[in-house]
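Colleague: structure for this input, please:
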Amino acid sequence: MRADTFFEAVKTLPVAPFETLVPEGGLVVVAPHPDDESLGCGGLIVQALARGRPVRVVIVSDGCGSHPNSKAFPHDRLRDLRESETIAAMAALGLGAEHVHFLRLPDGGVPSEGPQAEDAAARIAGIAEKAGANAVFVTWKHDPHCDHTASAAIVDLARKHLPGAAFHAYPVWGWTLPPEREVGPAPTGCRLSVEDERAAKRRAVEAHASQVSGLIEDDPEGFQLQPGMIDRLTGPHEWFIALPADETP
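Modeller: Sure, this is the predicted structure:
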C-alpha cells in the first residue's frame, strides 16, 4: 500500500478505549530519541497512570545527534541535557524519574541486529517483565529515520522474551513519507482519544526545550521540531498500529 493511502486509513482507524489497547497490566513505551515518547504516546501514558497501571519508558539512543556541532553542549553535556528534559517531560505526564530508562545507544547508529541489539532487547524485556507490562509500544518500522527503524527491530527481538504481550507501533516521522512510498498492507489497530490529555502532552513536548525552543544557539544546523509537526502529533488522537505476532514492528 502507498504511504498516502496507508495514512488515510490510519486517520480513520476506530476510536477505542484505553482498555482495548491494554486490557490488563502495565505498558512499556520504547522511544528511539528523547521526545518521541511524548510525541507519540504522551496521552497514552497519562491515561495509563490515571488507571493505576504501571508505565515504563525506555529511551534507546543518547539523543546526541540533534546538535553535533555545538561547542556549548558537547556530547556528554548534550546527553545529560536531553535526559533531564525527558525526566521533566515525564513529570509533566505524571511519571516518576525512576520509571524512565536510558539505554544510551549512539544517536544515528542504533543497531538493528547483533549483540548490542540483542542486549537492548533483553533489557527492554526485563523492564517489561519486572513492571508486569503486557503491552509494548514502539515507533513504526517505516518511519524515515534509521533509529526509529532500528528501535522497531530491537523490540521485535524482544518478542521471544515476552510471550503473550501485545505489540503496537506509533508513527512519528511516517507522516512525512513521500506519498508513493510502499509501506506494506493496510493498517489495523485503533485511535486513542486524548483530548483531555492534550494540555499535559503539550507541556511534555515543550519540556524538550533543546528540540523546540532554540535553546542551543551555536549549531545553526541543529535539529528543531517544526510547529506543524508538533501540532499534528498533539492533536485529539494518538494512533496505534497493531503488530500481530507474525509481523515485525
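
Colleague: for the protein, give me the ranges with low pLDDT.
Modeller: Across the chain, the ranges flagged by pLDDT under 70 are 246-249.

Colleague: can you give me the strands in it?
Modeller: 26-31, 55-61, 100-105, 133-139, 166-170, 189-193, 237-242 (DSSP state E).

Colleague: I'd say Pro68 and Asp219 touch.
Modeller: Yes. Counting by Cβ atoms under 8 Å, Pro68 sits close enough to Asp219 to count as a contact (7.3 Å). C-beta coordinates here come from the backbone N, C-alpha and C atoms, glycine included.

Colleague: one step back: got the strands of the chain as CSV, with distance to Lys160 columns?
Modeller: Formatted as CSV, the strands of the chain follow (distance: least, Cβ to Cβ, whole Å):
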stretch, distance to Lys160
strand 26-31, 16
strand 55-61, 17
strand 100-105, 19
strand 133-139, 13
strand 166-170, 12
strand 189-193, 22
strand 237-242, 19
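
Colleague: and the helices in the protein?
Modeller: Ranges of helices within the chain are 3-11, 18-21, 36-50, 75-93, 115-131, 146-158, 198-207, 209-212, 227-233, based on DSSP state H.

Colleague: reformat the ones you listed as CSV; add distance to Ile241.
Modeller: CSV is the format used below for these (distance: least, Cβ to Cβ, whole Å):
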stretch, distance to Ile241
helix 3-11, 7
helix 18-21, 11
helix 36-50, 11
helix 75-93, 22
helix 115-131, 19
helix 146-158, 11
helix 198-207, 19
helix 209-212, 24
helix 227-233, 15
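
Colleague: and the closest residue to Gly25 other than its chain neighbours, how many neighbours?
Modeller: Once flanking residues are discounted, Gly25 sits nearest to Asn134: 3.6 Å by Cβ to Cβ, 6 or more residues apart in numbering. When neighbours are counted by other Cβ atoms under 10 Å, Asn134 registers 19.

Colleague: what about Asn134, distance to Arg181?
Modeller: Using Cβ to Cβ, to the nearest Å, Asn134 is found at 32 Å from Arg181.

Colleague: ok, now Pro115?
Modeller: For Pro115, the distance to Arg181 - Cβ to Cβ - is 31 Å.

Colleague: give me the nearest residue to His168, chain neighbours excluded.
Modeller: Among residues not flanking His168 along the chain, Phe240 sits closest, at 4.4 Å (Cβ to Cβ, 6+ apart).

Colleague: tell me which residues touch the one you found, please.
Modeller: 21, 44, 137, 168-170, 189-192 (Cβ atoms under 8 Å, 6 or more residues apart in numbering).

Colleague: which strand residues bridge it?
Modeller: Cys190 (DSSP bridges).

Colleague: nearest spatial neighbour of the residue of the chain most remote from its centre, skipping sequence neighbours?
Modeller: The C-alpha centroid of the chain is most remote from Lys71, which lies 28.2 Å away (Cα atoms, centre = their mean). Distances taken as Cβ to Cβ, 6+ apart put Asp218 closest to Lys71, at 5.8 Å, once the chain neighbours are dropped.

Colleague: and what of Arg232?
Modeller: Arg232 sits nearest to Trp175 (Cβ to Cβ, 6+ apart), 6.2 Å away.

Colleague: for Glu8, see how far away the one you found is.
Modeller: Taking Cβ to Cβ, one finds Trp175 at 11 Å from Glu8.

Colleague: from Glu217, how far out is Asp36?
Modeller: Asp36 is 24 Å from Glu217, by Cβ to Cβ.

Colleague: please read the previous query as pertaining to Ala153.
Modeller: Taking Cβ to Cβ, one finds Ala153 at 35 Å from Glu217.

Colleague: of these two, which one has the most company?
Modeller: Ala153 (21 against 11).

Colleague: hang on, the more buried one packs against Ala117?
Modeller: Yes. In this structure Ala153 lies within contact range of Ala117 using Cβ under 8 Å: 6.8 Å.
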